[in-house]
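K.L.:
when you get a sec, could you give me coordinates for this:
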Amino acid sequence: MKNISTDSLRTLVTVVEVAGFAKAGDLLGLSQPAVSLQIKRLEEMLGHKLFKKQGQRQVLNQYGELLLPMAKQMLLQNDTILQLFTKENVTGKVRLGIPSEFAARILPAIIGDFVALYPEVSLEVKSRLSKHLLSISREDQFDLVLALNEDLNSEKFPVFMQDQLVWVGDLSIAQNEVVTLVTAPEGCIYRRRAIEALQLAGIKYRISYSNADLTGLTAALKEGLGITVLARSTVPNELNYELNTAILPSLGKIGISLTKHAEQAEHAVDKLAEFITLRLT
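P.N.:
Residues are numbered from 1 along each chain as shown. Model (predicted):
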């Protein structure tokens, strides 16, 4: 019985996350040839190539896409077992910046499990619009930033996963002469994508309610004040959503970036970044 090296799987996941062999080597403390060798050995063990060339970049092929979620799950189990039995000493404070919809819908379960594994790590979480989280002027405010990113090939803020944008709320509202929208304030990616899609489809609209917090938006949606746009993974359970309807157009996908700016507590930041990545994808 063959055993797959977790080092090789971690190298694969890192190459995909940072969109490059050289960058992955920098993070893992390996040379680029060493990274390539680990990937080659993994391919030889599995009997399939895992990457294909797309322009000047190496991206996952169909076998790589199939392997990636399983590799992440194996790494999560590996790290959980090690933490449980070795009691790795991870300490420090991590300042996490995250959009409000992720903070409300996805973050609680992830952070709860992380704190249980690393009780000596102190987390400070702040919610902002993705536009503000990715602003260069705010880099010193956060050690780790999870944000929406429309540039799916961004080098500065590499996209580690994509999510489908969906229409959320009582979608019968779309049958009205003027579609009412419930959105976050100006600068929100969801707001702009909704408006652009409606304008392109020639559908009249007006914004009936604006709130930066997902809880406030959810309340307005449940009261039937309008519809909105969200990433599918962040839609609250009590709300309906659709990719498109007979009237509402498709919205496409959005990238999600996870970027580190840490100068202190770097080990704790790395652990949280890896934990979030493995749990979200």
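
K.L.:
so how far is stretch 180-190 off the chain centroid?
P.N.:
Taking C-alpha atoms, centre = their mean, to the nearest Å, one finds stretch 180-190 lying 20 Å from the centre of the chain it belongs to.

K.L.:
hmm, who's touching that stretch?
P.N.:
100, 129-132, 148, 150, 165, 169, 173, 191, 194-195, 205-212, 217, 220-221, 225-231, 254 (C-beta atoms under 8 Å, 6 or more residues apart in numbering). Placement of C-beta: from N, CA and C, glycine included.

K.L.:
tell me which element K23 falls in.
P.N.:
Secondary structure from DSSP states H and E places K23 in helix 21-28.

K.L.:
follow-up on the earlier one: just the buried ones from the contacts of stretch 180-190, in ChimeraX syntax?
P.N.:
To isolate the buried members of the contacts of stretch 180-190 in ChimeraX, using 16 or more other C-beta atoms under 10 Å:
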select :100,129,130,132,148,165,169,173,191,194,205,207,208,209,210,211,212,217,220,221,225,226,227,228,229,230,231,254
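
K.L.:
from the contacts of stretch 180-190, which ones fall inside helices?
P.N.:
Taking DSSP state H as the definition of helices, the contacts of stretch 180-190 contribute 100, 130-132, 191, 194-195, 217, 220-221.

K.L.:
now do the strands in the stretch 101-250 of the chain.
P.N.:
Along the stretch 101-250 of the chain, counting by DSSP state E, counting those that start in this stretch, strands occupy 121-127, 144-149, 159-169, 179-183, 205-210, 227-231, 241-242.

K.L.:
give the partner strands of the third one in its sheet and their orientations.
P.N.:
When pairs are called by DSSP bridges, strand 159-169 turns out to pair with strand 227-231 (antiparallel), strand 241-242 (antiparallel), strand 253-260 (antiparallel).

K.L.:
quick one, which of the strands of the stretch 101-250 of the chain is nearest to I39?
P.N.:
Nearest to I39 among the strands of the stretch 101-250 of the chain is strand 159-169 (17.6 Å), distances taken as C-beta to C-beta.

K.L.:
pull the CA atoms of the closest one into PDB?
P.N.:
C-alpha atoms of strand 159-169 as PDB (Å, rounded to 0.1, in the frame of the first residue of the first chain):
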ATOM      1  CA  VAL A 159      -7.400  34.400  -5.300                       C
ATOM      2  CA  PHE A 160      -7.500  31.000  -3.500                       C
ATOM      3  CA  MET A 161     -11.200  30.200  -4.300                       C
ATOM      4  CA  GLN A 162     -14.100  31.500  -6.300                       C
ATOM      5  CA  ASP A 163     -17.800  31.700  -5.300                       C
ATOM      6  CA  GLN A 164     -20.900  32.200  -7.400                       C
ATOM      7  CA  LEU A 165     -22.800  35.500  -7.000                       C
ATOM      8  CA  VAL A 166     -26.500  35.000  -6.500                       C
ATOM      9  CA  TRP A 167     -29.700  37.100  -6.200                       C
ATOM     10  CA  VAL A 168     -31.100  36.900  -2.700                       C
ATOM     11  CA  GLY A 169     -34.500  37.700  -1.200                       C
END
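
K.L.:
just the buried residues of it, please?
P.N.:
Residues 159-161, 163, 165-169 are the ones in strand 159-169 that count as buried (16+ other C-beta under 10 Å).

K.L.:
between these, which sits nearest A246?
P.N.:
Distance to A246 across these (C-beta to C-beta) is lowest for W167, with 12.0 Å.

K.L.:
tell me what that closest one is bridged to.
P.N.:
In this entry, W167 is beta-bridged to V229, E242, by DSSP bridges.

K.L.:
so what's it up against?
P.N.:
Contacts for W167 (C-beta under 8 Å, 6+ apart) come out as 174, 227-229, 241-245, 248, 251.

K.L.:
just give me the closest of those to D113.
P.N.:
Y241 (26.1 Å).

K.L.:
residue contacts, the closest one?
P.N.:
166-169, 230, 232, 235.

K.L.:
state the pLDDT value of it.
P.N.:
Looking at Y241, its pLDDT is 88.

K.L.:
against V229, how distant is it?
P.N.:
Y241 sits 9 Å away from V229, going by C-beta to C-beta, to the nearest Å.
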